[in-house]
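S.K.: need a structure here:
(chains A, B and C)
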Amino acid sequence: MNTFPENTTAYLIGVDYSGTKKCARLVFYEPKLAKLYAWYGDNHFPYCLTNLSPFELEKISEIMKHPSLKKIELTTKFDAIKNEDITVTKIIVEDPKAIGGGKPRENVRDIIPEMGGGKVWEARIPYSSCYIYDKNIEMGMPYNIVDKKLSRVIYYDAEDRIKQITEKVQMTNDRWVRLCEYPVPEFLRIALDIEVLGAERTRVPDPIKAEYPIVSVCLISNDGKRKILLLLREGIEIGTDEVNANLDFFPTELDLIKTLFEEIKNYPFVITFNGDNFDLPYLYYRAIKLGMVKEDIPIMLTKHGAKIRDAIHIDLYRFFFNRSLRNYAFSGKYKAVALDEIGEALLGKGKLHAHQDIWLATEMRIWTYTQLAKYNCQDGDITLELTTYNENLVMKLIMVLMRISMLSMEDLIRSPISRWILSMLQYEHRRRNYLIPNPDDLILAKGKAVTEAVIKGKKYKGAVVVEPPAGIYFNVDVVDFASLYPSVLKNLNLGYQSIRCEHEECKSNLVPETPHWICQKQKAMEGEIIGLLKDLRVFHYKKLKKDPYYGVVEQAIKVFLNAAYGVFGDEDFDLYCPPVSESVTAMGRHSITSTIEKAKELGIEILYGDTDSIFLKNPTKEQLENLTKWSSQILGLDLEVDKHYRYVCLSARKKNYMGITDNGEIDVKGLTGKKKHTPPIIKGAFNVTKKYFSKAKTPEEVEALKKALKNVILDVYLRIKRRDFELEEMAFNMTLGKSPTAYEKTIPQHVKAAKMLEKLGIYLKKGDSIFFVKCAGKEVKPIQLAKKEDIDITKYHEMLKATFEQILDSLDIEWDSIIGIVKLEQFF
DNA sequence: AGCTTTGGCGACGAGT
DNA sequence: ACTCGTCGCCAA
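M.R.: Residues are numbered from 1 along each chain as shown, chains lettered A, B, ... in the order given. Okay, here's the model as predicted:
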């Protein structure tokens, strides 16, 4: 047990104010135990303790020696941290101003300016909630696990493996391998989902008002607990639905809530879907409303999310919302972040649709108990299952991401990719005893971007895209550079320290197309880390993809690699350094253009290229080999054949093509026919034509499919003309990029439609989707308000034409050759 | 409250 | 009739 003796002396090393809660978190250090403690003002949450790594200890002891740092006397008892056996209740700060407000790093900077060489010094201590330092992997492990009898990881066979991999990938330090290889424990956890009466389909009840009763609570754990807590209400029948859970009935809501709090006590992890913004705040305010006192409610609401006392709260909504994860770890399988859609996409399990219909038709308040329980249970099941499916893939992914980013679980699942990378780099700074620069100083020292972007309003120039010639081309090889940008970062030794360094001798080491030079004397940590991760992925984990655990590791590394370059171009990133990001793209441009030239020199015809990929028309094996050899020798980049296409349809538009692989699979890129907003009737026709392309193998067969293609188009053309369709088929589906009220410069059509919906009492917000149709007279209508007769036939014909022209261009078919027949038909 | 980047297409709004 | 900007979606 961690004990903090009474009347001992500790050192206050930082104050972190929460502006909204008007409370301070004091971070202090007890030298005898070599431990960091943090205390939140009047909130009764023991902010768990962190043991310190040796380098942190050293750092802190330096700070401690400084005379301007006040000693803090810890005198009496604190309820706040009593259950940690720490008996302190009052911290006397001699002169609060000496410590000041704001973030710890600013404090220390103010107090000890010379330590930071002026302004560049960061002293935020990397303690994290609920963590215990683990020397095997040089990072924290969830602390609560120890208390709650969850078996810890046993480090038996990892060491040998680590050694082997480290040698194989030729690393001098095994730290990264260690982080990726250490096993992930099976976390004991419980899913929590509440149902509130009076919720409407279009509006979620306001948690702060908490005006409706909680009528049902679902608790499902991965150690077999399946409970539905139901509130007894007058006139409600038990019903006949079968529910795979124990139903417990409560005469009062207070009993129900108290039981819920008791139940979750035994679990170190509580899983919710949107618990940060709904379930937990609602529970909190509802409990207050029913007379409970703060101290008895194990929920703390913070700016960054809802916390649960002595537990780690995982809000899956926040986790799945992360754009990088959405795209790279889950390869865009779900678009909207809703339990329904994610469940469907990852588990093949949506909400109970039968019950949703009831929801729409009537209201939850007349459901029978079993109906309600079944609905609730399904949501709870999905929530838990999202963390258990595929051998706990999500928990493993979270753990690996934590280890790479050096973030705590609660922070990780709630923060964007830029924070992960920042944290990773901050850790690396601390580990190496480096100072962490301030963003302002960094810009001052390294300057802004100098290249001019192609797109107006962008900060610097990006990638090149080759103009494709329209037409069908057979036997096409697509080669691309493996992890181009991470490779560039590594090969050029790029980082904020190395770009535009101080040395005169380095100034001749220029990045192509830029005036920037790169240091040749010292290694940049960004290039090094990204390079290490890249090598680890390419040379090791990519081959092990099929193993469930290593597949996770591979995905996790990929997420970091993909974002690694971009963050340096993000103004809000603490290590924002435009010369770095524009050097990466400049070198990227140089790489692809010189490779294209080399290919031409070798006699290969180039059809298309985008950023890091080149389409080669029917190259010989020898030509290919020469090219890849040249690339690795001269550029130091791995050029590999990514795909072979039986044939490709190029439309003369950049980022728009269709490739048919040898086994008949079709890659559609950028074409309108596959876009999310395209009405189903057109998308459907597009998908039908894909089948024909899939079957064609020879130029003759492609020639032959033209007729079938024309028929499909004509068919849909006529269906539209005859109004032989369902309204749903005509709907455009668009997402509101902002709140409907926030559009000022122009009012796009989908926003107009959203505003019309408001008259029906349906209020859409940012991120919501709207379905609308185009009507006569340039009008639009949300699908709820439209009738079949409203549809503007001409508009949809234009849309059909525009969609298929992208393909017809490559086939050299005139639009009129298809609908010309129809015009004739009109006479009959 | 939500945050990696730039390049490109198509549709439309809003002004000349 | 024309241009230019805005918006959403997509490629990399």
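S.K.: going forward, measure contacts and count neighbours with C-alpha atoms only.
M.R.: Noted.
S.K.: which residues touch the residue nearest the centre of chain A?
M.R.: Nearest to the mean C-alpha position of chain A, by C-alpha atoms, centre = their mean, lies A:Asn322 at 2.2 Å. Contact analysis of A:Asn322 by C-alpha atoms under 8 Å, 6 or more residues apart in numbering lists A:415-417.
S.K.: In CSV: those, plus pLDDT, distance to A:Leu536 and secondary structure.
M.R.: Formatted as CSV, these follow (pLDDT from 0 to 100; distance: C-alpha to C-alpha, whole Å; DSSP: H, G, I helix; E, B strand; the rest coil):
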residue, pLDDT, distance to A:Leu536, secondary structure
A:Ser415, 92, 25, coil
A:Pro416, 93, 23, coil
A:Ile417, 93, 20, helix
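S.K.: For those, which entry has the maximal number of neighbours?
M.R.: In terms of neighbours by other C-alpha atoms under 10 Å, the contacts of A:Asn322 top out with A:Ile417 at 22 neighbours.
S.K.: Now that residue. Nearest residue, chain neighbours left out?
M.R.: A:Ser324 (6.6 Å; C-alpha to C-alpha, 6 or more residues apart in numbering).
S.K.: Wasn't the one you found part of a strand?
M.R.: No - assigned with DSSP: H, G, I helix; E, B strand; the rest coil, A:Ser324 falls outside any strand and is helix.
S.K.: That one contacts A:Val559, correct?
M.R.: Yes - using C-alpha atoms under 8 Å, A:Ser324 is in contact with A:Val559, at 6.3 Å.
S.K.: So which elements touch the helix or strand in which A:Ile720 is found?
M.R.: Remark: A:Ile720 resides in helix A:699-721, with elements defined by DSSP states H and E. On a contact count with 3 or more C-alpha pairs under 8 Å, 6 or more residues apart in numbering; DSSP states H and E, helix A:699-721 meets helix A:680-695, helix A:793-811, helix A:816-825.
S.K.: For those, give me JSON lines that also has mean neighbour count, mean pLDDT and distance to DNA strand C.
M.R.: Below are the helices and strands packed on helix A:699-721 laid out as JSON lines (neighbours: other C-alpha atoms under 10 Å; pLDDT from 0 to 100; distance: least, C-alpha to the nearest atom of the strand, whole Å):
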{"stretch": "helix A:680-695", "mean neighbour count": "18", "mean pLDDT": "95", "distance to DNA strand C": "11"}
{"stretch": "helix A:793-811", "mean neighbour count": "19", "mean pLDDT": "95", "distance to DNA strand C": "13"}
{"stretch": "helix A:816-825", "mean neighbour count": "12", "mean pLDDT": "71", "distance to DNA strand C": "21"}
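S.K.: Which among those is found nearest to A:Asp255?
M.R.: helix A:680-695 (49.6 Å; C-alpha to C-alpha).
S.K.: which outside residues touch the closest one?
M.R.: Applying C-alpha under 8 Å, 6+ apart, the external contacts of helix A:680-695 come out as A:660, A:664-666, A:673-674, A:702, A:705, A:708-709, A:712-713, A:716, A:728-731, A:800, A:803-804.
S.K.: what about the helix or strand containing A:Met402 and DNA strand B, touching?
M.R.: Taking DSSP H and E as the definition, A:Met402 sits inside helix A:369-405. No - shown here: helix A:369-405 not in contact with DNA strand B (C-alpha under 7 Å from any atom of the strand), separated by at least 13.8 Å.
S.K.: Buried ones from the contacts of helix A:680-695, can you make that a PyMOL selection?
M.R.: In PyMOL, this line selects whichever of the contacts of helix A:680-695 come out buried by 16 or more other C-alpha atoms under 10 Å:
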select buried, chain A and resi 660+664+665+666+673+674+702+705+709+713+716+728+730+731+800+803+804
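S.K.: ok, and of the contacts of helix A:680-695, which contact DNA strand B?
M.R.: With C-alpha under 7 Å from any atom of the strand as the criterion, those include A:Thr803 near DNA strand B.
S.K.: Okay, the closest residue to A:Ala776 other than its chain neighbours and A:Glu798: tell me how far apart.
M.R.: Leaving aside its sequence neighbours, A:Ala776 sits nearest to A:Asp792 (C-alpha to C-alpha, 6+ apart; 4.7 Å). Using C-alpha to C-alpha, to the nearest Å, A:Asp792 is found at 10 Å from A:Glu798.
S.K.: A:Gly761 now?
M.R.: 33 Å.
S.K.: With A:Asn173 instead?
M.R.: Distance from A:Asn173 to A:Glu798, by C-alpha to C-alpha: 61 Å.
S.K.: A:Gly343 too?
M.R.: Applying C-alpha to C-alpha, the value for A:Gly343 to A:Glu798 is 37 Å.
S.K.: of all the residues in the stretch 701-828 of chain A, which ones are close to DNA strand B?
M.R.: Residues of the stretch 701-828 of chain A lying near DNA strand B (C-alpha under 7 Å from any atom of the strand): A:745-749, A:778, A:795, A:798-799, A:802-803, A:806.
S.K.: And A:Phe278, how far from DNA strand C?
M.R.: Note on A:Phe278: its distance to DNA strand C, by C-alpha to the nearest atom of the strand, to the nearest Å, is 25 Å.
S.K.: Touching, that residue and A:Ala210? I think so.
M.R.: No - A:Phe278 is beyond contact range of A:Ala210, at 10.1 Å (criterion: C-alpha under 8 Å).
S.K.: The residue nearest to A:Ala776 contacts A:Ala786, doesn't it?
M.R.: No - checked against C-alpha under 8 Å, the pair A:Asp792 and A:Ala786 is beyond contact range at 11.4 Å.
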